[in-house]
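Student: missing the sequence, but the structure's below:
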């Protein structure tokens, strides 16, 4: 998620990246930029902690739908495809949210207990800007554990995550269609891949090393990564390089040659060509504007 958010949004704390329960905290200002939210295997829950905003969502290329949300409203999605979001906060105030991903394993445990005698994967309904006191309470417990304790308890987080999974299966399961488990990239593997890319922006792209780190074949990894992000791993890597270059052009005094080297281009002319292809202007023009 951090790769998709504009510069005005920032993480409040370091995310918890456990395979079963992942937690990310953000404080946002208004953005009219259309953000592409990746599609991963786990359901994404977003709870508004404080502030309010008009949040707009849509499937890529479709019409926008809008919800005005305040503290304790929540969103739930298991979208099989990336989708777009944007929001405007009240009087440009801070809009604080917590994102929680629950693993397919936790959902499976909850489903086996709740849906006695039934086998197979479970899917959840999409929810936008709704209110549920139990969802709010459980997500705020996760939020407080991460905020108040430097070393948050994995056992505590997993216990709350299990309770949340049971509640979601009981009240938000989707019985309307094919319940085959989506063949998607787990959120923690997507995050790990992006961190691996970020650490090697100055090195040559290697699909094999990324796939190996994710524990997949090159073909399988590439296919699931594209499904999650809408881009191939190599396209995403170039996009990350260009995002890093834009920040350096705006926020540093490094020369364009040095910036090219920082993001892995030994040839300034090649860097300039790629940058212009992605932004419509040269690095020098971008810095001047």
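Tutor: Right, received. Where do you want to start? In this text, all values refer to a predicted model and were calculated from it rather than measured experimentally.
Student: Does residue 238 touch residue 274 like I think?
Tutor: Yes. Between residue 238 and residue 274 there is a contact under CB atoms under 8 Å: 6.7 Å. Bear in mind the C-beta positions are built from the backbone N, C-alpha and C, glycine included.
Student: Quick one: the strands in this protein, in order.
Tutor: 10-11, 16-17, 21-28, 31-37, 44-50, 53-59, 65-69, 73-77, 83-89, 95-102, 127-131 (DSSP state E).
Student: Reformat those as a markdown table; add mean pLDDT.
Tutor: Shown next, in a markdown table, are these (pLDDT from 0 to 100):
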| stretch | mean pLDDT |
| --- | --- |
| strand 10-11 | 47 |
| strand 16-17 | 62 |
| strand 21-28 | 82 |
| strand 31-37 | 65 |
| strand 44-50 | 91 |
| strand 53-59 | 82 |
| strand 65-69 | 87 |
| strand 73-77 | 91 |
| strand 83-89 | 78 |
| strand 95-102 | 88 |
| strand 127-131 | 90 |
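Student: highest average neighbour count across the ones you listed?
Tutor: Here the criterion is mean neighbour count by mean count of other CB atoms under 10 Å, and of the strands of the chain the winner is strand 95-102, at a mean of 23.
Student: how about the nearest residue to residue 81 once chain neighbours are set aside, what does it touch?
Tutor: In this structure, residue 81 finds its nearest non-sequential neighbour in residue 39, 5.3 Å apart by CB to CB, 6 or more residues apart in numbering. Neighbour list for residue 39: 79-83, 184, 227-228 [criterion: CB atoms under 8 Å, 6 or more residues apart in numbering].
Student: Of these, select the buried ones using a PyMOL command.
Tutor: Per 16 or more other CB atoms under 10 Å, the buried members of those correspond to this PyMOL selection:
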select buried, resi 79+82+83+184+227+228
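Student: Select, from the contacts of residue 39, the two members most distant in space.
Tutor: 83 and 184 (13.6 Å; CB to CB).
Student: where in the stretch 151-289 of the chain is pLDDT low?
Tutor: 176-183 (pLDDT under 70).
Student: ranges for the helices of it?
Tutor: Along the stretch 151-289 of the chain, counting by DSSP state H, counting those that start in this stretch, helices occupy 154-172, 187-199, 207-214, 218-229, 233-251, 256-262, 268-279, 283-288.
Student: Can you add distance to residue 59 and give those helices back as CSV?
Tutor: Below are those laid out as CSV (distance: least, CB to CB, whole Å):
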stretch, distance to residue 59
helix 154-172, 19
helix 187-199, 20
helix 207-214, 26
helix 218-229, 14
helix 233-251, 20
helix 256-262, 36
helix 268-279, 24
helix 283-288, 31
